[in-house]
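Novice: predicted coordinates and the sequence they were generated for:
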Amino acid sequence: WINIMTDEVEIVSESVVESSGKDEHSNVYKRVLNSKNLSLNPCELSKLHGERGFHVHFGTQFGNIRWRKTLLSALLQDHKFCCLLNTFAFEKYREKSEHQVLKELGISEKSMKCIQKIQWNQSDLICYESSYRFPQPQILLSYSNQLLSHYLLDFASVAAVSVLSISNGMKVLDLSAAPGGKTISICQSLFGNDSLSGELTCNELDTNRRLRLEKVISSYIPSAIRSRVSVTGYDGTKMYLRNPQNCGTYDRVLLDAPCSSDRHVLSPKNANRKSDLMNWKYKNVLKTAKLQKDLLVGALHMLRVDYGRLVYATCALSWEENDAVVESAVTTWESTRNGNLRVVSPDEYGDYSMLNSIGERTEYGILVLPDSLHQWGPLYVAVLERIPL
């Protein structure tokens, strides 16, 4: 009835769209499709639902022309595949050529031509991207430690860790740690160069996801380092109340928050795509944002006061789950006199600057979207620091 992928709005049935003037939702949808820029009032927003409501929501946020012509089509494409090399599994990996490493991962000479190494400004994490799937991880029998060779993950997970700017000896908390890719990335940053100084806490509330996380740790992390890694099952919004002895002690905190995962909802490979879009509600976006804000405030309590750094990350498109969450958490934090916060500029350091070069600046952070040259995303990142009063 409406073709949102064409340059022009195609209205197949005016009667369906207008519904005798009673279907307010359809009329709002028609207005969005015929407008380059449109803002909806809270009453209109609260009524958005279903697939039409989904497109209204993002058509208003990103502009109808961009949403229809570039961003939506980019989100429907297969995302790039990414793998993190498990440097703990390779002996003297720094002495090996990239060709040798890829060969040991089981990648053919032909496939190597389609693989690119992700270049960080600061991080030592070794990641590769490709338009094709990487081989499944394997135990490298030629090495004595019997660890899996690489981890398949999304670029967003490893990018969020790189922005933390971790160094040896720090105390780090991953508040929502499963399924495990971030844990491997943090361990490589924290315990690199054969360092055993430092401490990592991986928190995951869900029991099944926590068991999977523990399996990943045992399969990828050497036993000497595993003694420096603890797994907990706290509700992240209340961890500072349940674990007061560690409150305010972490140098770095990562909150890769649960979100609406809009690209997954849209994906043609999503077996539940039709029902997910049909059941989409703007009110659910607000519920998710409320949880994210509570998690972020809880995470801030765990952070060290003197310039401890927190990274808040999502793979959501909605402003409500990104900048709005940061703004609300900062307002709540400062209104309750918990201390001062500083929003860190993406220009200030290392790999945050790298994301800045491929993403779009927002009021509080960076939003990387797949209709850009690199085709990564969605990924939203914001960085906060607790500073002394």
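Specialist: That came through fine. Numbering: from 1, shown residues only.

Novice: ranges for the strands of the stretch 201-350 of the chain?
Specialist: 229-232, 252-256, 308-314, 340-343 (DSSP state E, counting those that start in this stretch).

Novice: tell me which of these lies nearest to A89.
Specialist: Comparison of the strands of the stretch 201-350 of the chain against A89 by Cβ to Cβ identifies strand 229-232 as nearest, at 16.4 Å. No exception for glycine: its C-beta is placed from N, CA and C like everyone else's.

Novice: identify the residues contacting the closest one?
Specialist: Defining contact as Cβ atoms under 8 Å, 6 or more residues apart in numbering, one finds that strand 229-232 is touched by 177, 183, 187, 199-204, 210, 213-214, 217, 221, 239, 243.

Novice: list phi and psi for the residue lying closest to L84 once chain neighbours are set aside.
Specialist: Using Cβ to Cβ, 6 or more residues apart in numbering and skipping residues adjacent in sequence, the residue nearest L84 is Y151, 4.7 Å away. Per-residue torsions, Y151: phi -130, psi 130 (degrees, to the nearest 10).

Novice: pretty sure Y151 contacts I184?
Specialist: Yes: using Cβ atoms under 8 Å, Y151 is in contact with I184, at 5.3 Å.

Novice: list the residues that contact both of these two?
Specialist: Residues touching both Y151 and I184 (Cβ under 8 Å, 6+ apart) are L84, N86, V216, Y220.

Novice: okay, now S227: neighbour count?
Specialist: 10 (other Cβ atoms under 10 Å).

Novice: same deal with R337?
Specialist: Count around R337 with other Cβ under 10 Å applied: 8.

Novice: surely V381 touches I366?
Specialist: Yes: if you go by Cβ under 8 Å, V381 and I366 touch, sitting 5.1 Å apart.

Novice: where do the contact lists of those two overlap?
Specialist: Both V381 and I366 are in contact with Y352, L355, where contact means Cβ under 8 Å, 6+ apart.

Novice: next, give phi and psi for G365.
Specialist: Per-residue torsions, G365: phi -160, psi -140 (degrees, to the nearest 10).

Novice: same question, L84
Specialist: Reported as degrees, to the nearest 10, the phi and psi values for L84 are phi -100, psi 120.

Novice: going forward, begin numbering at 10 instead of 1
Specialist: Okay, residue one is now 10; in that scheme the one you just asked about reads as L93.

Novice: now do the helix or strand where I195 lies: which elements does it pack against?
Specialist: Secondary structure assignment for I195, by DSSP states H and E: helix 190-199. Where contact means 3 or more Cβ pairs under 8 Å, 6 or more residues apart in numbering; DSSP states H and E, helix 190-199 is packed against strand 90-94, strand 159-162, helix 164-173, strand 180-183, strand 208-212, helix 216-229, strand 261-265.

Novice: could you dump the third one to PDB, C-alpha only?
Specialist: So the one you mean is helix 164-173. Extracted C-alpha coordinates of helix 164-173, given in PDB (Å, rounded to 0.1, in the frame of the first residue of the first chain):
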ATOM      1  CA  PHE A 164      32.500  -4.800  15.400                       C
ATOM      2  CA  ALA A 165      30.500  -2.900  18.000                       C
ATOM      3  CA  SER A 166      31.600  -5.100  20.800                       C
ATOM      4  CA  VAL A 167      35.300  -4.700  20.200                       C
ATOM      5  CA  ALA A 168      35.000  -1.000  19.300                       C
ATOM      6  CA  ALA A 169      33.400  -0.300  22.700                       C
ATOM      7  CA  VAL A 170      36.300  -2.000  24.500                       C
ATOM      8  CA  SER A 171      38.900  -0.100  22.400                       C
ATOM      9  CA  VAL A 172      37.300   3.200  23.500                       C
ATOM     10  CA  LEU A 173      37.700   2.200  27.200                       C
END
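
Novice: so what touches stretch 300-310?
Specialist: Outside stretch 300-310, the residues within contact range by Cβ under 8 Å, 6+ apart are 182, 184-185, 245-249, 256-257, 262, 264, 266-268, 319, 321, 323, 330, 334-335, 337-338, 341-342, 347, 350, 393, 395.

Novice: want to throw the helices and strands packed on helix 190-199 into a markdown table with mean neighbour count and mean pLDDT?
Specialist: Formatted as a markdown table, those follow (neighbours: other Cβ atoms under 10 Å; pLDDT from 0 to 100):
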| stretch | mean neighbour count | mean pLDDT |
| --- | --- | --- |
| strand 90-94 | 22 | 94 |
| strand 159-162 | 22 | 94 |
| helix 164-173 | 26 | 90 |
| strand 180-183 | 23 | 98 |
| strand 208-212 | 23 | 98 |
| helix 216-229 | 16 | 97 |
| strand 261-265 | 26 | 97 |
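
Novice: okay if I get these as a markdown table plus distance to R237?
Specialist: Converted to a markdown table, the helices and strands packed on helix 190-199 look like this (distance: least, Cβ to Cβ, whole Å):
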| stretch | distance to R237 |
| --- | --- |
| strand 90-94 | 19 |
| strand 159-162 | 19 |
| helix 164-173 | 17 |
| strand 180-183 | 10 |
| strand 208-212 | 6 |
| helix 216-229 | 11 |
| strand 261-265 | 14 |
